[in-house]
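**Q** For reference, the sequence and a predicted model appear below.
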Amino acid sequence: MEETKKKRPRTAQTVGGRTRKEASMSINQVAHARHRAGLTQQQLAARVGTNRVSIARIEIGTRSPSLALALDLAAELGESVEALFGGDL
């Protein structure tokens, strides 16, 4: 008979190595910057060469952008990478 290993519970939900609270701070910054720029997710995605779903996932924290995408987003939104993502990709 095989022993089943019990998984240790997580102490905090994480997204890309960050807690959801930390991730939501940067996500909100991306969404706020996009709104300030007057862009929809679809428009921003087209300008940075990705799809709307990727932008939505970055904003809600289920995806972290690559460095190249983070740089493109920052340039398009007129913000620094640090302002959008807290310097933590």
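**A** Received, thanks. Model, not experiment: these values are computed from the prediction. Numbers count the residues shown, from 1 in each chain.
**Q** isn't residue 79 right up against residue 34?
**A** No. Judged on Cβ atoms under 8 Å, residue 79 makes no contact with residue 34 at a distance of 9.9 Å. For every residue, glycine as well, the C-beta is placed using N, CA and C.
**Q** So what's the residue count around residue 6?
**A** By other Cβ atoms under 10 Å, 6 other residues sit near residue 6.
**Q** which secondary structure element contains it?
**A** Assigned by DSSP states H and E, residue 6 falls within no helix or strand.
**Q** How about residue 45?
**A** With DSSP H and E as the test, residue 45 turns up in helix 41-48.
**Q** State the mean pLDDT of that helix.
**A** For helix 41-48, the mean pLDDT works out to 97.
**Q** contact partners of that helix?
**A** 34, 37, 39, 51-52, 54-56, 59, 69, 72-73, 76-77 (Cβ atoms under 8 Å, 6 or more residues apart in numbering).
**Q** Out of those, give me the one that has the most neighbours.
**A** Busiest of those [other Cβ under 10 Å] is residue 55, holding 26 neighbours.
**Q** Can you list the residue ranges for helices in the protein?
**A** 20-36, 41-48, 52-60, 67-77, 81-85 (DSSP state H).
**Q** And for the spatially closest residue to residue 76 that is not a sequence neighbour, the neighbour number?
**A** Nearest non-adjacent residue to residue 76, counting by Cβ to Cβ, 6 or more residues apart in numbering: residue 47, 5.1 Å away. Around residue 47 sit 15 other residues, with neighbours defined as other Cβ under 10 Å.
**Q** related to what we said a few turns ago, compare the helices of the chain and give me the one nearest residue 5.
**A** helix 20-36 (26.1 Å; Cβ to Cβ).
**Q** mean confidence for the closest one?
**A** Per-residue scores along helix 20-36 average to 73.
**Q** and if you look at stretch 73-89?
**A** Stretch 73-89 shows a mean pLDDT of 86.
**Q** I'd like to know how far residue 77 sits from residue 57.
**A** Going from residue 77 to residue 57 by Cβ to Cβ, to the nearest Å gives 17 Å.
**Q** Please disregard the earlier target; I meant residue 74.
**A** Going from residue 74 to residue 57 by Cβ to Cβ gives 17 Å.
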